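Asks: here is a sequence with its predicted model. Questions after.
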Amino acid sequence: MDEKIVLVDTDITTLAVDAIVNAANNSLLGGGGVDGAIHRVAGPQLLAECQTLGGCPTGAARITKGYNLPARHVIHTVGPVWQGGNHGEPQLLAGCYRSCFALARKYRLRTLAFPAISTGVYGYPKEEAARIAVHEIRQALAANPELAEVLLVCFNPATRAAYEQALRQS
Ligand code: AR6
């Protein structure tokens with residue numbers, strides 16, 4: 001299944017996939033990092049749709065249209081803030097990926113692109129986050145044959161190194 005996992009060094013807002021994933025916060029009303037970049041490119045209609053959603057719990061996900069993005073949809077998920085690792089962070093981060101893949105199945109999405117959820121402002125150690133991401137992605141690819149490709153966006157070299165290491169482990 002790993003042949004369906006592709007590492008890409010790019011800005012996620014440039015990707016013409018069925019859905020890009022946004023590392024959002026509980027309000028779903030925008031922020032910095034990848035969230036800010038996605039809202040800037042998608043335009044104000046994205047915020048307007050997000051305002052109808054009533055926020056999102058940590059570990060869950062919500063889907064919207066992509067508006068001015070080349071991606072058809074945005075899946076907004078809320079990763080955990082790293083608090084040392086004993087506050088349910090691994091389960092919550094795994095929940096993000098599972099929630100995104102549940103929406104992908106429901107909407108019959110074939111191509112998805114993920115940022116490294118929680119590893120920016122939220123401080124999750126990159127290696128541990130990459131291990132969880134790769135584990136959940138492998139499970140989803142095995143469970144859903146309609147998934148054609150999962151792109152992992154490496155916005156910096158440390159993120160790429162963490163994914164490469166996680167993919168070397170079976
Ligand atoms: N394309 C792809 N990846 C990006 C981009 C981009 N344009 N910009 C940043 N990244 P972060 P978090 C990477 O901080 O840690 C927001 O304010 C970045 O290098 O965006 O989940 C939200 O509103 C890192 O690898 O998200 C929340 O309040 C990864 O995306 C909070 O930040 C995630 O970094 C969420 O924090």
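Replies: Structure's in. What do you need? Just so you know, these numbers come straight off a predicted model, no measurement behind them.

Asks: get me the contact residues on the chain for the ligand.
Replies: Residues of the chain that fall close to the ligand, judged by Cβ under 6 Å from any ligand atom: 11-13, 23-25, 31-35, 37, 79, 115-122, 153, 155-156, 159. (Each C-beta comes from the backbone N, C-alpha and C, glycine too.)

Asks: can you rerun that using 5 Å?
Replies: 11-12, 23, 25, 31-35, 37, 79, 115-116, 118-122, 153, 155 (Cβ under 5 Å from any ligand atom).

Asks: pull out the buried members of those.
Replies: Among these, those classed as buried by 16 or more other Cβ atoms under 10 Å are 12, 23, 25, 31, 33-35, 37, 79, 115-116, 118-120, 122, 153, 155.

Asks: wait, isn't Lys4 in contact with Leu151?
Replies: No - Lys4 lies out of contact with Leu151 (Cβ atoms under 8 Å); the separation is 9.8 Å.

Asks: more neighbours: which of these two?
Replies: It is Leu151, of Lys4 and Leu151, that has more neighbours when counted by other Cβ atoms under 10 Å, with 20 against 15.

Asks: quick check: Leu28 touching Ala60?
Replies: No - judged on Cβ under 8 Å, Leu28 makes no contact with Ala60 at a distance of 10.5 Å.

Asks: now for the two: what residues contact both?
Replies: Val78 (Cβ atoms under 8 Å, 6 or more residues apart in numbering).

Asks: what about those two, which has more around it?
Replies: Ranked by neighbour count (other Cβ under 10 Å), Leu28 and Ala60 place Leu28 first, with 24 against 19.

Asks: now do the strand or helix carrying Cys100: everything it contacts.
Replies: Cys100 is part of helix 89-106, with elements assigned from DSSP states H and E. Helix 89-106 has contacts (Cβ under 8 Å, 6+ apart) with 18-19, 21, 58-61, 63, 75, 77-80, 82-83, 109, 112, 114, 117-118, 124, 128-129, 132-133, 135-137, 140, 143-144, 146-147.
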